[in-house]
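*Asks:* Turn this into a model:
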Amino acid sequence: MIVGVGLSDYPRAPKLSALGHMLQASHRALKDAHLKISDVDGFMATGQQGIQYDDLCTAAEYLGIRPTYMDGSMTGGSAFECMLPNAMEALRCE
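*Replies:* Sure thing, here's the model as predicted:
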C-alpha cells in the first residue's frame, strides 16, 4: 500500500542539487502520509542527475532515518516499477 507521495520542484528549482530534490520529495511524501521520521525504517529512491548509492545513505542520515532496508535501483524510467517488488518483499520480511 502506498500511503504518501512527494515530488520535488524539479525542473522548476534548478539550483537544488539532485540530493536536494530527493530530500524535498522525501519530506513531502512523509507529510502527505502523515508520518513522522520515527515511523520509517526503510528508504528507497531513484532519480536523475547522477544520484549515487552514497547519496541515498546521505539522504537517510540527513532525514534521521536508520533504515533496515535501502534500495537505490537506477534502472531509468522503469525504476519505480522495478522497486515495487523489492518494497513488497521488504515489508513481507518485517
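*Asks:* So for stretch 59-66, what gets flagged as buried?
*Replies:* Using 16 or more other CB atoms under 10 Å as the test for burial, stretch 59-66 gives 59-60, 63, 65. Backbone N, C-alpha and C define where each C-beta goes, glycine included.
*Asks:* Report the spatially closest residue to L56, excluding sequence-adjacent ones.
*Replies:* G72 (4.4 Å; CB to CB, 6 or more residues apart in numbering).
*Asks:* From V3, how far off is that neighbour?
*Replies:* Going from G72 to V3 by CB to CB, to the nearest Å gives 21 Å.
*Asks:* Those two: which has the busier surroundings?
*Replies:* Neighbours per residue, other CB atoms under 10 Å: of G72 and V3, the larger number sits with G72, 19 against 11.
*Asks:* can you give me how far the helix ranked longest in the chain is from the chain middle?
*Replies:* Looking across the chain with DSSP state H, the single longest helix is helix 18-33. Helix 18-33 sits 7 Å away from the centroid of its parent chain (CA atoms, centre = their mean, to the nearest Å).
*Asks:* what about dumping the CA coordinates of stretch 58-66 to CSV?
*Replies:* C-alpha atoms of stretch 58-66 as CSV (Å, rounded to 0.1, in the frame of the first residue of the first chain):
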residue,chain,number,x,y,z
THR,A,58,23.5,10.7,3.0
ALA,A,59,19.8,11.4,2.5
ALA,A,60,18.7,8.8,5.0
GLU,A,61,21.2,10.2,7.5
TYR,A,62,20.1,13.8,6.9
LEU,A,63,16.5,12.8,7.4
GLY,A,64,17.3,10.9,10.5
ILE,A,65,16.2,7.5,9.2
ARG,A,66,18.0,4.4,10.4
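*Asks:* Test my guess that the residue nearest to L56 contacts M44.
*Replies:* Yes - taking CB atoms under 8 Å as the definition, G72 is a contact partner of M44 at 7.5 Å.
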